[in-house]
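Undergrad: sharing a sequence plus its predicted fold:
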Amino acid sequence: MRKIFLGVLAVTALAFTSCSDDDTTAPSTSVLNVNINGLENLGANFKYEGWIIVNGAPVTTGVFTVDDSGKLSKTSFVVSSAQLAVATKFVLSIEPANDTDPKPADTKILAGDFTSNTANISSSGIVGDFSKSAGKYILATPTDGMANNERSGVWFLDNSSGSATTGLTLPTLSAGWKYEGWVVMNGTPVSTGTFTDPAKADDNATTSTFKGGMGNGPGYPGEDYIQNAPTGLTFPTDLRGKKIVISVEPDPDNSTKPFVLKPLAHDVPADAVDHKAYAMGNGPVSAITGTVTR
């Protein structure tokens, strides 16, 4: 009987020890916290998706949206503890709402390396560094052959030397992004077209519905606002007193408004004259930043 009793005690002790060992096992998941200001609502067709880089490969951390006030729908994400512990970088991308591709899209908007348990993320290192951006433009309407409405067009070139040269100093963008020019007329932003190289004509140079019928203009980004004005506006117009903007847009892009990144902007002087180069200044947003903690 004594041997049986001692045997029971041994089994009980072993069971207790096993339970204690289970209680100290490291959790299989951890929480990743995201803190970002400055993102904008992408609409119904796109979403933001976070990624951690593990052994050189992207691993999704989950998706979220942003409302019109800039509030994220979700800021904490449950991920694998083992993967999070060895992650070297965090990346945020813009993805189609019904995305079936397991890899991140080219439109990566934020990135940063982990230092200890924190990653300081920014758009500067993944979209472009706009700290040295500069720009010039002239008012002119070369596509209509008329001389009476020269202040109804804007072209991003510099003619200060007597001949036209590139007017915009901008970094080459990462894949998935394009530049776009805008004129804000009575509160309505009207595009001048998208482009990737400021030394060449923009993407809609030959197909613009706004330009006149006398060619496509100089080989630089810009637009003549001669016809087919959007509702509420009248073309030709006078761009004096209007705001000129260069934005950075995701590609593809389904919005008719400028994206949040706007590295250059300028209010056209009320007394501006045509065919004179005017310098642009810093835009309202040249970078988006945030932090990620694990």
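TA: Happy to help now that I have it. Just so it is clear, the model here is predicted, and its values are computed rather than measured.
Undergrad: from residue 90, how far out is residue 118?
TA: 10 Å (C-beta to C-beta, to the nearest Å). To be clear about C-beta, it is placed using only N, CA and C from the backbone, and glycine gets the same treatment.
Undergrad: and these two? Which one has more around it.
TA: residue 90 (26 against 15; other C-beta atoms under 10 Å).
Undergrad: in contact with that one: list those residues for me.
TA: Residue 90 sits next to 50-53, 61, 110-112, 114, 119, 121, 292 when contact means C-beta atoms under 8 Å, 6 or more residues apart in numbering.
Undergrad: who does residue 279 form a beta bridge with?
TA: Beta bridges link residue 279 to residue 136, judged by DSSP bridges.
Undergrad: can you list the weak-confidence ranges in this structure?
TA: 1-26 (pLDDT under 70).
Undergrad: please repeat the previous calculation with a cut-off of 90.
TA: The chain contains residues with pLDDT under 90 at 1-27, 145-147, 254.
Undergrad: nearest the geometric middle of it, what residue?
TA: In the chain, the centroid-proximal residue (C-alpha atoms, centre = their mean) is residue 109; its distance is 5.1 Å.
Undergrad: which outside residues touch the helix or strand where it lies?
TA: For residue 109, the enclosing helix or strand under DSSP states H and E is strand 108-115. For strand 108-115, the external contacting residues (C-beta under 8 Å, 6+ apart) are 36, 39, 48, 87-94, 119-123, 125-127, 174, 176, 250, 288-290, 292, 294.
Undergrad: out of these, list just those in strands.
TA: 36, 48, 89-94, 119-122, 250, 289-290, 292 (DSSP state E).
Undergrad: taking those residues, please make a PyMOL selection of just the buried ones.
TA: In PyMOL syntax, the buried subset of those is picked out as below (16 or more other C-beta atoms under 10 Å):
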select buried, resi 36+48+89+90+91+92+93+94+119+121+122+250+290+292
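Undergrad: with respect to residue 105, which of the ones in strands among the contacts of strand 108-115 is nearest?
TA: residue 93 (5.2 Å; C-beta to C-beta).
Undergrad: picking up where we left off before, what pairs with the strand holding residue 109, parallel or antiparallel?
TA: strand 89-96 (antiparallel), strand 118-122 (antiparallel).
Undergrad: make a markdown table from those and add distance to residue 83 to it.
TA: Output for the strands paired with strand 108-115, formatted as a markdown table (distance: least, C-beta to C-beta, whole Å):
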| stretch | distance to residue 83 |
| --- | --- |
| strand 89-96 | 12 |
| strand 118-122 | 14 |
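Undergrad: quick one: closest of these to residue 142.
TA: strand 89-96 (35.5 Å).
Undergrad: just want the angle from the closest one to strand 289-293.
TA: 120 degrees (axes from the mean of the first three to the mean of the last three C-alpha atoms, to 10 degrees).
Undergrad: how far away from the center of its chain is strand 89-96?
TA: 11 Å (C-alpha atoms, centre = their mean, to the nearest Å).
Undergrad: equivalent analysis for stretch 226-234, please.
TA: 28 Å.
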